[in-house]
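Participant: Task: produce atomic coordinates for the following.
(3 chains)
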Amino acid sequence: MRNTGHVLRAAFAGAALAATAWAPAAAQDIHVGHLADYSGATSDVGTPYGQGVADTIAWINANGGIGGRKIASETIDYSYQVPRAVSAYKGWAGRVVAIQGWGTADTEALVAFVSKDKIPYYSASYSAALTDPAGGSKADKPAPYNFFYGPSYSDAARAMVQWAAEDWKKKGGKGKPKYVHMGANHPYPNAPKAAAEAYAKELGFEVLPAIQFALTPGDYTAQCLTLKQMGANYAYLGNTAGSNISVLKACHAAGVKVQFLGNVWGMDENAMKAAGEAADGVVFPMRTGAIWNDDVPGMKLMQAISKMSDPSGTAYRPIHYLAGACTVLYMKEAMEWAADNGGVSGENIKKGMEARENWVPKGADGVCKPSAWSAKDHRPTLEVDLYQASVKGSTDASVPELIKNGTIKMTKIATVKLPRKQEWLGW
Amino acid sequence: MTSVAYDRPSGDFKTSYAADTTIFPTRTSAAFCVAGIALVAAAPLYLDKYGLSILIQIGYLGIAALGLNILVGFTGQISIGHSVFFGFGAFASAYLNNEFGVPVFFAIPLAGLATTVVGLVFGIPAARLKGLYLAIATLAAQFILQDFFARATWFTGGVAGTPAEPLTVFGYAFNTDARYLYVVLAYVVVMYLLATNLIRTRDGRALVAVRDHYLSAEMMGVNLTKYRTMSFGISSFYAGVGGALYAHYLGFVSVEGFTILFSIQFLAMIIIGGLGSIMGTLMGTAFMVLLPEAMTALAGQLAGSAIDRALGLNEGIAFLREMAIGAVIILFLIFEPDGLAHRWRQIRAYFKLYPFSY
Amino acid sequence: MDTQLLLQLLLNGLIVGALYGVVAMCFVLIYKASQVVNFAQGEFLLVGAWVCWWLLTTYPVPFYAAFLVTLAFMMAFGLLLQVVVLRPLIGEPVISVIMVTIGLSIFFQALMKWMFGVFAKPFPPIFASQTVDVLGLQVQTVYVMSLAVSVLIMAGFAWFFKFSRMGLAMRAVAFDQQAAQSLGVSVRTVFALSWGISAMVSAVAGVVVGVVNGVSSALSFFGIKVFPAVILGGLDSIVGAVIGGIIVGLLENIAHYFDSQFLHWGNLYEVAPFYVLIAILMIWPYGLFGTKDIERV
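Facilitator: Presented below is the predicted three-dimensional model:
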């Protein structure tokens, strides 16, 4: 081994970085970490969600903060790479009282850490594995400090299966309807697979062997032809938007008549625009009680939040933005509860999260849906709103215009209430 | 590429074979090495958790990258599937520990051995294939093993991933960064010493001979098939150990992590560090780990500053950062195609010969 | 056995395979001329598709005009890239050059995301009817178009390399750089031109895929997908690249057929080509059409 002086240099560089990374903030500020994906593989949905989180924190600070204390948030764009998320976390641990997180892999990788360090972690991964705070369910391990807002992936898929069963009856379908799961063999599409297939069987579906397609856009005509040949009636699309669009388009071109069921990250305004008429009719779950411009009382608050980064107040905010905003609003009120009950610490924020029933953040009525977390059950809600995408005509214009002139529409078609079954916890 | 031109002042020649194969060419270099290790060992005194986690990352990635350098830099084979071997080591170690209760202390080297076996299997084409054709065979390994990870629920926990327990020795758990640093440091020292020693042996020289001119090597009695396959095995062993260290550090292994992009990053580490340079590998790893972190810190400083407001960058900063990473790699290779190790030798030579450089 | 489905899948494999073939051909062109393994091939598709999309959505130009401007732009883009970035690297180790192409890929990925956003954007409708019926399979019109364009490009290539002065020069350089140089062929020009042509033709594939799936950064995955095609055909055979691409396209679809009909293992579509790839390489170490190195000491 020759001179190892470079280790020295690496160490110095590391020290220098550590020193520069933290801008000094006032001592009484509440520190929050914000992990976002603005440049990685999921940046298409990560950008509006992250913007919603950032704007809401800015709005809280502009409106008195948490009992007069400002939230000092630090945003790290980790490009959807787990190691970067872990090193970002290491920088935060011990300094922040809560973290706004993002994806499936990084959230799962950090579960053990946040449990040990007692830092509430608000993920945009809605994996049912994160909903068991006490352990003892089908989830591999307890996740006492993990929270998310909205139905879990599994519950959303179950809700759609239940809707499909009713839809089949309503349409007067004969025989057993056929259900098929489509997606890549990856943690994200697979999260709700077993749950939804089991429930479909229970409801009398014939469950066909799953069809796989990669997470990246490509030519999926082969998959569509199989789908057609199998005679599936309901197909669950488990991937994120990019590859779902490819499937929808390929199936549209191949003339496949199947009712597609989307997922929270697999269908939104941009996906509808990109897929065009191929996206017409897709049913998908919605986390918030309203979409932008809906006439509900809570929309005023959302508009105020939106003005934080768009003073003119004209921007159209996609559904992910609202979900991000709601997530932060719950954190805000849990922090306020903690401030009144022994101080803003990770443990107290967790208690604050678990203190309420039928909880809607102040001023967000109609947007953030009533949710409740308990020390034994972190499923925020089992009531799932299902929307149907409608795309009529060419989608050349920008999303706000398309929404305005009604080319793209999302209509609520059902609200499915699932029973809070103990045996469904954690998977 | 392992030029020794600058190692000694002119007129100071090596006079024995022993001197030619010594680990440390001069006493100063040995002293520097010990000082470097001591400095890292003392890191918990002056670095916070963030700094430590970066050091640990450099450590376990550095071990895996060294394996790739033995394959690419010393034997002249190209591999674009290194990350799956890294991943295999991570899963194997977690699996041995979770399923059979093998203590983590033993699971890490055992995972290395298991990965070696897998590496040897995928190394078989190396007996017949050359250059880029071989590279693509490793690309196939990348996709096949990635698919295997997603499929083999018994082994990897399937798509849900698998937990990995922290390393415990006689009831003492290495479960904080400050503690785990010593585990990684010990492994780095041992593995790097092993590699340095390997290169000094007959086997090591045979590998280099295969790289430099395989026909000549064959004529001199080097068994090409044996050494080509062997270098795959060694490379996988290093990747497996690095992966195992990663698993027990993170406490969780997910199939999502081991993509082709990660494999390409490993290649970047050794090319930037310097092919066929052992210490260069560590430098290159440090470079590739620190570059995104430095860019993130820089972006953090830039956000909200006067420049940001003037140019209206906003979310563009995230992309600027990624572009800067790409640009730094390009510029670096245009101006320093032989890697950091080369530059480091030049700097050293400059000071050694100062003021009479020739 | 559902022969109807199998036939349709084979047809689909042929169409998609031809597209792989075009990209593989571009890849081989660069490799043959300058011995560079271009990891940024996928970014050529990406840049080309975005430029065409931008022209169509910003200016009221017809598709063919935008398409031609895109081709011209990509030609210039490829030339510039070679002259500015790759020329200084002539004579450096091949692996450093490979790394530079990886750097280019990272750079342009980010640049495209910054300029055009992170969302997948659809092309405005180009053909009056979106699909045409071919032997009972509804095929996107643009695929048929691309098949025609691909054949045209390939014919053009054949003519170019057989009869044009520049084409002959390029073949000479590919055959023996030093000999060509000593006979007065400008190796620099040939290198630059090969990058230019490669970028331009890749853009055709980029636009086609963009029209079918919408333009997004995921287009660049095509760059990695063509590796098996290139190797199957043999790294230095242009005809081999095209055939390799078609084989890979067919393989994917056949694997999917058996997977969905009989095996139900899942994901064979993705990995089966790689198993076949290894098997083929074990039998023919230089691919199906690659030149076997005869080495003398």
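
Participant: Check the burial of residue B:335 by counting its neighbours.
Facilitator: When neighbours are defined as other C-beta atoms under 10 Å in any protein chain shown, residue B:335 has 9 of them. All C-beta atoms are positioned from the backbone trio N, CA, C, and that covers glycine.

Participant: I'd like the distance between it and chain C.
Facilitator: Separation of residue B:335 from chain C (C-beta to the nearest C-beta, to the nearest Å): 9 Å.

Participant: From residue C:99, how far off is that residue?
Facilitator: Distance of residue B:335 to residue C:99, computed by C-beta to C-beta, to the nearest Å: 13 Å.

Participant: Find me the pLDDT at the residue of the stretch 301-427 of chain A at minimum distance from chain C, would you?
Facilitator: Chain C sits closest to residue A:396 of the stretch 301-427 of chain A, with a gap of 4.9 Å, by C-beta to the nearest C-beta. In this model, residue A:396 is scored at 79, pLDDT.

Participant: Check the contact between it and residue C:124; I expect there is one.
Facilitator: Yes: with contact defined as C-beta atoms under 8 Å, residue A:396 counts as touching residue C:124 (4.9 Å).

Participant: More neighbours: the two, which one.
Facilitator: Taking neighbours as other C-beta under 10 Å, residue A:396 and residue C:124 compare with residue A:396 leading, 17 against 13.

Participant: for the stretch 101-250 of chain A, what are the low-confidence residue spans?
Facilitator: Low-confidence segments of the stretch 101-250 of chain A, defined by pLDDT under 70, span residues A:140.

Participant: The same query, at a cut-off of 90, please.
Facilitator: Scanning the stretch 101-250 of chain A for pLDDT under 90 picks out the ranges A:103-113, A:116, A:127-130, A:132-143, A:171-176, A:183-191, A:194, A:209-231, A:240-246, A:249-250.

Participant: Could you check the strand or helix carrying residue C:101 and say which residues are buried?
Facilitator: Secondary structure from DSSP states H and E places residue C:101 in helix C:94-116. The neighbour-count check on helix C:94-116 (16 or more other C-beta atoms under 10 Å in any protein chain shown) flags C:95-114, C:116 as buried.

Participant: isn't there a strand covering residue A:412?
Facilitator: Yes: using DSSP: H, G, I helix; E, B strand; the rest coil, the assignment for residue A:412 is a strand.

Participant: Return the set of residues that bridge with it.
Facilitator: Following DSSP bridges, residue A:412 is listed with bridge partners residue A:387.

Participant: So it is in contact with residue A:385, correct?
Facilitator: Yes: shown here, residue A:412 and residue A:385 form a contact pair, counting by C-beta under 8 Å, at 5.8 Å.

Participant: so what's in contact with the two at the same time?
Facilitator: residue A:286 (C-beta atoms under 8 Å, 6 or more residues apart in numbering or on different chains).

Participant: out of the two, which sits in the more crowded spot?
Facilitator: Each of residue A:412 and residue A:385 has its neighbours counted (other C-beta under 10 Å); residue A:385 has more, 22 against 14.

Participant: Could you find the closest non-adjacent residue to the more buried one?
Facilitator: Nearest non-adjacent residue to residue A:385, counting by C-beta to C-beta, 6 or more residues apart in numbering or on different chains: residue A:286, 4.6 Å away.

Participant: ok, now residue C:219?
Facilitator: That would be residue C:46: by C-beta to C-beta, 6+ apart, it lies 4.6 Å from residue C:219.

Participant: Give the helix, strand or coil label for the residue of the stretch 301-427 of chain A closest to chain C.
Facilitator: Reduced to three states by three-state DSSP, residue A:396 is coil.

Participant: Find the centremost residue of chain A, please.
Facilitator: residue A:124 (3.9 Å; C-alpha atoms, centre = their mean).

Participant: ok, now how distant is the closest residue to it other than its chain neighbours from chain C?
Facilitator: What sits nearest to residue A:124 in space, not counting adjacent residues and going by C-beta to C-beta, 6+ apart, is residue A:102, at 5.1 Å. Separation of residue A:102 from chain C (C-beta to the nearest C-beta): 14 Å.

Participant: Residue A:102 in helix, strand or coil?
Facilitator: Per three-state DSSP, residue A:102 ends up coil.

Participant: about what we covered before: are there residues contacting both of residue A:396 and residue C:124? Which ones?
Facilitator: residue C:57.

Participant: counting contacts, what elements does the top helix by length along chain A pack onto?
Facilitator: What stands out as the longest helix in chain A, according to DSSP state H, is helix A:319-340. Under the contact definition 3 or more C-beta pairs under 8 Å, 6 or more residues apart in numbering or on different chains; DSSP states H and E, helix A:319-340 sits against helix A:43-62, strand A:98-100, strand A:121-122, helix A:299-306, helix A:346-353.

Participant: could you dump the ones you listed to a markdown table with mean neighbour count and distance to chain C?
Facilitator: Formatted as a markdown table, those follow (neighbours: other C-beta atoms under 10 Å in any protein chain shown; distance: least, C-beta to the nearest C-beta, whole Å):
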| stretch | mean neighbour count | distance to chain C |
| --- | --- | --- |
| helix A:43-62 | 24 | 4 |
| strand A:98-100 | 29 | 19 |
| strand A:121-122 | 26 | 22 |
| helix A:299-306 | 21 | 19 |
| helix A:346-353 | 22 | 31 |
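
Participant: okay, the ones you listed in a markdown table with distance to chain B next?
Facilitator: Below are these laid out as a markdown table (distance: least, C-beta to the nearest C-beta, whole Å):
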| stretch | distance to chain B |
| --- | --- |
| helix A:43-62 | 7 |
| strand A:98-100 | 14 |
| strand A:121-122 | 14 |
| helix A:299-306 | 15 |
| helix A:346-353 | 16 |
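
Participant: Flag the shaky bits of the stretch 101-250 of chain C, pLDDT-wise.
Facilitator: For the stretch 101-250 of chain C, the ranges with pLDDT under 90 are C:101-103, C:106, C:109-110, C:113-191, C:193-194, C:201, C:204-205, C:207-243, C:248-249.

Participant: what does it put close to chain B?
Facilitator: C:102-111, C:113-114, C:224, C:227-228, C:230-231, C:235 (C-beta under 8 Å from any C-beta of the partner chain).

Participant: what separates residue B:300 from residue A:34, distance-wise?
Facilitator: For residue B:300, the distance to residue A:34 - C-beta to C-beta - is 12 Å.

Participant: what sits in contact with each of those two?
Facilitator: Joint contacts of residue B:300 and residue A:34 (C-beta under 8 Å, 6+ apart) are A:74, A:76.

Participant: out of the two, which sits in the busier spot?
Facilitator: residue A:34 (24 against 20).

Participant: Quick one: list the elements packing against the helix or strand hosting the more buried one.
Facilitator: Taking DSSP H and E as the criterion, residue A:34 maps to strand A:30-36. If you count contacts as 3+ C-beta pairs under 8 Å, 6+ apart, strand A:30-36 packs onto helix A:43-62, strand A:71-77, helix A:82-92, strand A:98-100.

Participant: Could you rerun that using 10 Å?
Facilitator: Counting contacts by 3 or more C-beta pairs under 10 Å, 6 or more residues apart in numbering or on different chains; DSSP states H and E, strand A:30-36 packs against helix A:43-62, strand A:71-77, helix A:82-92, strand A:98-100, helix A:104-117, strand A:121-122, helix A:319-340.
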